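Chemist: need a 3D model of the sequence below.
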Amino acid sequence: MVYDWNTCPKDVKDYIMDLKEGIKNVVGRDFVGFYIHGSLAMGGFNPRSSDIDVLVVVNNSMEVEKKKILAQLFLQYSNSPYPLEISFLNRVDLLDWRHPCPFELHYSEAWRKRFENDLSNGSNLCINENKNTDIDLAAHITITHHRGLCIEGEPIDKVFPPIPKAHYISSIVADYRDCLKNITEDPIYCSLNIIRVYWYLSEGVISSKLEAGNWGKGKLQERLRSTVRKAVDNYTGQENHDFNEEELVSLRNYLLERVEEILN
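Modeler: Below you'll find the model as predicted:
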């Protein structure tokens, strides 16, 4: 079963509210807002498999010591029980928008080992004062504008700039190209995400992976629909289907041809 913010179990909301308070305690007066995007905002959140996607906006650059305290918080919270993906953005960088967007701090489970190494070794390879950029942020902010939730702080339209369409496309196409390569290793995410990109490019719809999968079940060629149905069933936890390489490659090639035609 999948949820949105209004229908999700109490423990999901408690998890997020506790995380928010922990972040505010560290950030202090620089806190601007805490925002949810992704599956929990758009109604596709599966407590057994979905990330919780968060953007936090702050007023000033963050000190390394505060970043280390936040790193410890994320290592404690993420995967206990829900995996966390969170980016801290400086309001100054949002006022002076550029793509890829700079960020103050980022955490996801893919970064866990790097955070653990910095904290255990006293190093600053990952948790440092440098400002890195992330091409994905154009997509995250666009989705926040269209479907996101302000849990606390200033309203979304007062904090986040409008993202140029070209920057949003650049962001989603970068992820799309990764999915083309990885579809046999990660069939559920990659299949649904490729469909989501195709739907946006062909019809301009900003959707969740689940919404894109449900659209694909009715819109793609009949020979591909069983693969899409399996991806949707697995995503929602209704079934646990296996995929074979041939069907995934067939879906990938069908969408690749159409997406590249639009892009070119």
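Chemist: what are the ranges of the helices in the stretch 51-200 of the chain?
Modeler: With DSSP state H, counting those that start in this stretch, the ranges of helices along the stretch 51-200 of the chain come out as 64-77, 91-95, 112-121, 137-147, 156-159, 165-182, 187-203.
Chemist: mind putting the ones you listed into JSON lines with mean neighbour count and mean pLDDT?
Modeler: From N, CA and C alone the C-beta is placed, and that goes for glycine too. Below are these laid out as JSON lines (neighbours: other C-beta atoms under 10 Å; pLDDT from 0 to 100):
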{"stretch": "helix 64-77", "mean neighbour count": "17", "mean pLDDT": "97"}
{"stretch": "helix 91-95", "mean neighbour count": "15", "mean pLDDT": "96"}
{"stretch": "helix 112-121", "mean neighbour count": "14", "mean pLDDT": "96"}
{"stretch": "helix 137-147", "mean neighbour count": "22", "mean pLDDT": "98"}
{"stretch": "helix 156-159", "mean neighbour count": "15", "mean pLDDT": "98"}
{"stretch": "helix 165-182", "mean neighbour count": "16", "mean pLDDT": "97"}
{"stretch": "helix 187-203", "mean neighbour count": "22", "mean pLDDT": "98"}
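Chemist: can I get those in a markdown table including distance to Asn6?
Modeler: Output for the helices of the stretch 51-200 of the chain, formatted as a markdown table (distance: least, C-beta to C-beta, whole Å):
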| stretch | distance to Asn6 |
| --- | --- |
| helix 64-77 | 22 |
| helix 91-95 | 27 |
| helix 112-121 | 30 |
| helix 137-147 | 13 |
| helix 156-159 | 17 |
| helix 165-182 | 26 |
| helix 187-203 | 22 |
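Chemist: which stretch among those helices comes nearest Thr7?
Modeler: Set against Thr7 and scored by C-beta to C-beta, those come closest in helix 137-147, at 15.1 Å.
Chemist: from the chain's centre, how far out does that closest one sit?
Modeler: 9 Å (C-alpha atoms, centre = their mean, to the nearest Å).
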